[in-house]
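Undergrad: dropping a prediction and its sequence here:
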Amino acid sequence: MTSVIEKATAPASSPAYTVSELLAVVSCRYLQGKRRVFAGIGLPTLAVALAQKSTSPDIEQVYESGVCGAHPPKLPETIADASLATGAETILTMPVLFGYVLQGGWIDVGFLGAAQIDRFGSLNTSVIGPWDAPTVRLPGSGGAIEVMANSQEVFVVMRRHNTTSFVRELDFCTSPSPIAARRADPKVPTRGAGVTTVISELGVFTSDAEGELCLASIHEGVTVEQVREQTGWPVKVLDSVTVTPPPTEEELRLLRDDIDPGRVYLR
Amino acid sequence: MTSVIEKATAPASSPAYTVSELLAVVSCRYLQGKRRVFAGIGLPTLAVALAQKSTSPDIEQVYESGVCGAHPPKLPETIADASLATGAETILTMPVLFGYVLQGGWIDVGFLGAAQIDRFGSLNTSVIGPWDAPTVRLPGSGGAIEVMANSQEVFVVMRRHNTTSFVRELDFCTSPSPIAARRADPKVPTRGAGVTTVISELGVFTSDAEGELCLASIHEGVTVEQVREQTGWPVKVLDSVTVTPPPTEEELRLLRDDIDPGRVYLR
Amino acid sequence: MAEKMFSLQNAIGTFVSDGDVVALEGFTHLIPFAAGHEIIRQRVKGLTLVRMTPDIIADQMVAAGCVDTMVFAFTGNSSVGSLYAVRRAIESNGTGGLKLEEYSHYGLLARYQAGAAGIPFMPVRSYAGSDLVGINPQLRKVASPYEEDVETYVVPALNPDVAIIHAQRADRHGNVQSWGILGPQQEVAFASKRTILLVEEIVDDDIIRSDPNRTLIPGFVVDAVVECKYGAHPSFAQGYYDRDNDFYRSWSAISKDPQRLQAWIQEWIHETGGHEGYLTKLGEDFFHRLTPTPHLSSPVNYGSVL
Amino acid sequence: MAEKMFSLQNAIGTFVSDGDVVALEGFTHLIPFAAGHEIIRQRVKGLTLVRMTPDIIADQMVAAGCVDTMVFAFTGNSSVGSLYAVRRAIESNGTGGLKLEEYSHYGLLARYQAGAAGIPFMPVRSYAGSDLVGINPQLRKVASPYEEDVETYVVPALNPDVAIIHAQRADRHGNVQSWGILGPQQEVAFASKRTILLVEEIVDDDIIRSDPNRTLIPGFVVDAVVECKYGAHPSFAQGYYDRDNDFYRSWSAISKDPQRLQAWIQEWIHETGGHEGYLTKLGEDFFHRLTPTPHLSSPVNYGSVL
């Protein structure tokens, strides 16, 4: 798999930006008005940090490890960085984080990644091929099943956008969308809207009233046709589909100079 | 209700002792070989402290509030004394104390009191009279139901021994013995032996193989007949029934001089 | 960030309404007396008071007519006396009318846990054979799907309208730090729709952030933060003031006589006008005898490579 | 009091046997690497390894042939690479043979919680619609006895034979204090039949008793206490040493080549003879670059009136 766009073509009037920068900026914009974001290290951290410094000063990131209100003295390299604990406001125990915070419904937006996503936002992070004799063993759910089942909504960042990642049918449904959950177990209550927003290297999908992921915007230099070709299901394109407004100079300045000057995640 | 014996008659060779001292000493003796005792403040505290200083240096007291390994700088007056936290080894959260420690089966001996006890060691701490229009409203279970259901065995200290406290039938069964529990709900697993030892102002009852509380010893100056008269069920008397050996000078010295010199619980 | 700092009066006025299910928690330690007094002062009615251990504060609230229903596990004034207002409202020869929903400690705590965790019920390892099962229809059984012929009792999730708790310190964002006996405060705050937090002192952000594992409840769970020094009196706040055992011992005599009890409420709650007035009435030197000798925690190092 | 101080060698030798269910816990932080290495050194076989996040230590134990079955929720080397020994033991073109029992994070954590709490199962708010239900028969449903037509998934209690955990400090009685990211250590220690505790340092009783709320696990739960400085390397111990990210990044290249991996195990585990030898091989100055700048907690006052 190679990325369709490694670097977007820069329009004459704006500076060039990397895919990472684009994904962080677009994610940040969709975070407007949200309060508590459950996310790991990496692009979501940049998106939340950018939101804090721009549109959403009150936004908070909650980490799977139980850290809330992190104020790391330096940008952490990994989710396991000691600096995430240094100066944090709270470190919750795991039963409190998963039981009370996640299952209790306190998370507005959960950020997830996946090897495969389907039309209604169910995710595979377990295996390629059959579970008991896979071609590729992936890490598994971790907390993804709980994040999907308990956040008010979920954002998915998919760096690679092609027909092996945006699939008609998942090899394995690790984290089902609420729609899939209700179909499988109508008596088990669900919470939240599931995946409402997918930000990929090609564009942005948002969910419609039925929960179907529809193309809402394409990034600069990408065509709708390209998205159709790289997506394993017949893509519904919103009437309002637009070209994603490119990162502004101010957004890029904040990312590059303030938030990640060492290009820890922007690499 | 008045106590049958406010002060035991002292044999010529030994010093006089109070009922509190007697109950503490006898309780202590039954604690030999036990490790973890779940108990409130008062006589059980004295019994555990005495055991620590005599036969059972490793014995530990666990408090309902979550305090384990208490080393209070002064003898606490109440279970809510700040000194219980000062210098303690551990203060557990309530879910850990009740969930993991008690329900997890880590308690060897639970100490309980009650307004009424029956022949198989079920206890009433809720009401005298009907529950919805009681003559006397008692405090209720607190943690007693969990202590009874989850300790390996239970000791009950009954200061007042008469036919209104040792009853044929409880007005209300707050904390059932495992025997009563299995009869009511045969499919719900029980743990432990329930009440194995009752220490009253008149004597000591221990449970037989069927869980029935049988008279094992009578205190100095008490007759078996007196116990029968003051007990609401036909008392089974063990063949081995003896006179409770009175507190020794050393036991009394430890209690009076070392453990409770201010007579906080010995009053 | 939404402003969370409230006066006690405004916090109760804003977040507690007639008919609410109010969980007022604190297990022997950090009992939110000042908040209970303010509820009485504002003459809130028809409350369902949820409290594992309804004690003097419950006696006062029942006597003041704030409480219709009491959900509890142990009601009493430890070993030093009785709660006569509560008893009069329950016993057959009393003035009656208090509805009860009775649990054991872990039963009620497990209801908070299930409420906090968004699950319909919590299994508990007890209740078989207890007469509580007969008088409390919330205690039910479920068959284990793992073993033949094994059942467990369960309790249902509880999500009070308001949790009211007291703690030693917090920052202005409501990040709560507490130590000593912790009680069910964390569970009840997460389980409740709204949470009012009273603290002995508001501290700088840096103090809280120096010890993040000490934060029992994150700020996002807290709706109102009230700085309320000595707000747990006659209960205690570890390291700030000890328990006023004299007051606890004196309560039976007050509570036993309905007229004297009403006069006490009038004098100490209504006429003081607020917690400040209550402290003034106690007098400037009151807390001297209850002031602890310091016993400080050893530091731990949260550092990382810079 | 029974003597609880053990050498690492004796602790593993005494409490871990072939075929045991061993939970080796620590969530990104305080991963008991030294204990895992000692299990490899002692050539223990047939283990069921329970770990929420099997990472490099699992890769090493699988490569060394200690593990028959892995019970897990997330297996990987965060974002810096893959665990090739684990993958070879699972994937269709690999050398195979590793049995898997797969959960999500809370699913496995809830199994520890139920195991610790002596209840047959724990309800969780997830799993509906997940294919995990099809491949893991332990994920079952129970009807709520409180609402019509409401069901919840549940997971069964788990009681491992041995829990192995690492912490910053403890006293000689095994009272454990830990800070930073706490992971499932408290749950797994209470749930397991035996618990082996490794710590960075044994401290005086007074240190532990100065901060009883910091004690995560009381001594009575712990069977063996091992003083094992740097025993979490290449993982970290907050305030003692940071994570050795270079090692984590280097692992993929080692793990990808089965021969190189076996050579690594031979050189760094067997030939070092023990944790002391491992540290000697790392070299005297190794931890300089990982040594944190101190960031100390503010004290709290546990005092009372004397």
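TA: It's in. Numbering: from 1, shown residues only, chains lettered A, B, ... in the order given.
Undergrad: so where's chain C shaky on pLDDT?
TA: C:1-2 (pLDDT under 70).
Undergrad: can you name the residues of it that neighbour chain A?
TA: Within chain C, the positions lying close to chain A (Cβ under 8 Å from any Cβ of the partner chain) are C:1-2, C:113, C:116-119, C:171, C:173, C:175, C:186-187, C:190-191, C:205, C:208-210, C:212-213, C:215, C:218-221, C:302-306. Any C-beta I mention is one placed from the backbone N, CA and C, and that applies to glycine too.
Undergrad: go again with 6 Å.
TA: When proximity is defined as Cβ under 6 Å from any Cβ of the partner chain, chain C approaches chain A at C:1, C:116-118, C:175, C:190, C:208-209, C:212-213, C:215, C:218, C:302, C:304, C:306.
Undergrad: report the closest residue of the stretch 201-306 of chain C relative to chain B.
TA: residue C:242 (4.6 Å; Cβ to the nearest Cβ).
Undergrad: give the contact list for that residue.
TA: Shown in contact with residue C:242 (Cβ atoms under 6 Å, 6 or more residues apart in numbering or on different chains): B:82, C:236, C:290, D:304-305.
Undergrad: count of residues packed around residue 16?
TA: Just so you know, I chose chain A. 13 (other Cβ atoms under 10 Å in any protein chain shown).
Undergrad: my bad, chain C
TA: 21.
Undergrad: on that earlier part again, farthest-apart pair in the residues of chain C next to chain A, please.
TA: Using Cβ to Cβ, those span at most 39.3 Å, a distance reached by C:118 and C:306.
Undergrad: higher neighbour count, the two?
TA: residue C:118 (25 against 10).
Undergrad: need the pLDDT of residue A:244.
TA: Looking at residue A:244, its pLDDT is 97.
Undergrad: and the gap between it and chain B?
TA: Noted for residue A:244: a distance of 47 Å to chain B, by Cβ to the nearest Cβ, to the nearest Å.
Undergrad: do I have it right that that residue meets residue A:221?
TA: No: assessed by Cβ atoms under 6 Å, residue A:244 is found out of contact with residue A:221, at 10.2 Å.
Undergrad: which one of the two is surrounded by more residues?
TA: Neighbours of residue A:244 and residue A:221, each counted by other Cβ under 10 Å, are more numerous for residue A:244; the result is 20 against 16.
Undergrad: spit out the contact partners of the more buried one.
TA: Per Cβ under 6 Å, 6+ apart, neighbours of residue A:244: A:217, A:219.
Undergrad: switch to 8 Å and redo it
TA: For residue A:244, the contact set (Cβ atoms under 8 Å, 6 or more residues apart in numbering or on different chains) comprises A:22, A:26, A:203-204, A:217-220.
Undergrad: again with residue A:140
TA: A:125-126, A:174, D:72-76, D:102, D:104.
Undergrad: for the stretch 51-200 of chain A, which segments count as strands?
TA: For the stretch 51-200 of chain A, the strands defined by DSSP state E, counting those that start in this stretch occupy A:60-62, A:67-68, A:90-91, A:109-112, A:116-117, A:123-124, A:127-128, A:136-137, A:153-158, A:195-200.
Undergrad: now the helix or strand just after the last one against strand A:153-158, angle please.
TA: Pointing back at strand A:195-200 there. Sequence order places strand A:203-207 as the next helix or strand after strand A:195-200, per DSSP states H and E. Relative orientation of strand A:203-207 and strand A:153-158, computed by axes from the mean of the first three to the mean of the last three Cα atoms, to 10 degrees: 150 degrees.
Undergrad: list the buried residues for strand A:203-207?
TA: Buried residues in strand A:203-207, counted by 16 or more other Cβ atoms under 10 Å in any protein chain shown: A:203-207.
Undergrad: mind listing the strands whichever helix or strand comes after that strand pairs with, and their directions?
TA: Next helix or strand after strand A:203-207 toward the C-terminus (DSSP H and E): strand A:213-218. If you go by DSSP bridges, strand A:213-218 pairs up with strand A:203-207 (antiparallel), strand A:237-243 (parallel).
Undergrad: contacts for stretch C:252-265?
TA: In contact with stretch C:252-265 (Cβ under 8 Å, 6+ apart) are residues C:40, C:56, C:59-60, C:63-64, C:77, C:80-85, C:88.
Undergrad: would you reformat those residues as TSV and include secondary structure?
TA: Formatted as TSV, those follow (DSSP: H, G, I helix; E, B strand; the rest coil):
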residue	secondary structure
C:40	helix
C:56	helix
C:59	helix
C:60	helix
C:63	helix
C:64	coil
C:77	strand
C:80	coil
C:81	strand
C:82	coil
C:83	coil
C:84	helix
C:85	helix
C:88	helix
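Undergrad: is the lowest-mean-pLDDT helix or strand in chain A positioned near chain C?
TA: Ranked by mean pLDDT, DSSP states H and E, the weakest helix or strand in chain A is helix A:43-53, scoring a mean of 91. No: judged by Cβ under 8 Å from any Cβ, helix A:43-53 stays clear of chain C, getting no closer than 11.3 Å.
Undergrad: now that helix: buried residues?
TA: Result for helix A:43-53 [16+ other Cβ under 10 Å]: buried residues A:43-53.
Undergrad: by contact count, what packs against it?
TA: On a contact count with 3 or more Cβ pairs under 8 Å, 6 or more residues apart in numbering or on different chains; DSSP states H and E, helix A:43-53 meets helix A:19-30, strand A:60-62, strand A:153-158.
Undergrad: hmm, the shortest one in reach of chain D?
TA: Looking back up the chat, that one is strand A:60-62. No: Strand A:60-62 does not reach chain D (Cβ under 8 Å from any Cβ); its nearest approach is 13.1 Å.
Undergrad: that strand: which residues count as buried?
TA: Of the residues in strand A:60-62, A:60-62 count as buried by neighbour count, 16+ other Cβ under 10 Å.
Undergrad: quick one: contacts for the nearest residue to residue C:138 once chain neighbours are set aside?
TA: Spatial nearest neighbour of residue C:138, excluding adjacent residues (Cβ to Cβ, 6 or more residues apart in numbering or on different chains): residue C:156 at 5.6 Å. Applying Cβ under 8 Å, 6+ apart to residue C:156 gives the contacts C:111, C:114, C:120-121, C:138, C:140, D:146.
Undergrad: need the phi and psi values for residue C:156.
TA: Main-chain dihedrals, residue C:156, degrees, to the nearest 10: phi -80, psi 160.
Undergrad: also residue C:152?
TA: phi -140, psi 150.
Undergrad: tell me, how many residues neighbour it?
TA: 26.
Undergrad: just residue C:167 next, same as before
TA: Neighbours around residue C:167, by other Cβ under 10 Å: 27.
Undergrad: now the one 3 residues further on
TA: Each residue near residue C:170 was counted by other Cβ under 10 Å, and the total is 29.
Undergrad: same check, this time on residue C:211
TA: With other Cβ under 10 Å as criterion, residue C:211 counts 25.
Undergrad: roughly how far does it sit from residue A:211?
TA: According to Cβ to Cβ, to the nearest Å, residue C:211 stands 43 Å off from residue A:211.
Undergrad: what of residue C:240?
TA: 52 Å.
Undergrad: which bits of the stretch 101-250 of chain C sit near chain D?
TA: Counting by Cβ under 8 Å from any Cβ, the stretch 101-250 of chain C sits next to chain D at C:114, C:117-125, C:140-147, C:150, C:152, C:154, C:156, C:168, C:177, C:179-180, C:182, C:207, C:210-211, C:213-214, C:238-240, C:242.
Undergrad: now the terminal residues of stretch C:182-199, how far apart.
TA: 14 Å (Cα to Cα, to the nearest Å).
Undergrad: that one near chain B anywhere?
TA: Yes: Stretch C:182-199 is in contact with chain B by Cβ under 8 Å from any Cβ, via C:182-184, C:186-187.
Undergrad: neighbour count: residue C:240 and residue A:211, which is higher?
TA: For residue C:240 versus residue A:211, neighbours defined as other Cβ under 10 Å are more numerous around residue C:240 (22 against 18).
Undergrad: so which of the buried residues of helix A:43-53 is the closest to residue D:230?
TA: Distances from residue D:230 to these, taken by Cβ to Cβ, are shortest for residue A:45, at 28.9 Å.
Undergrad: that'll do, ta.
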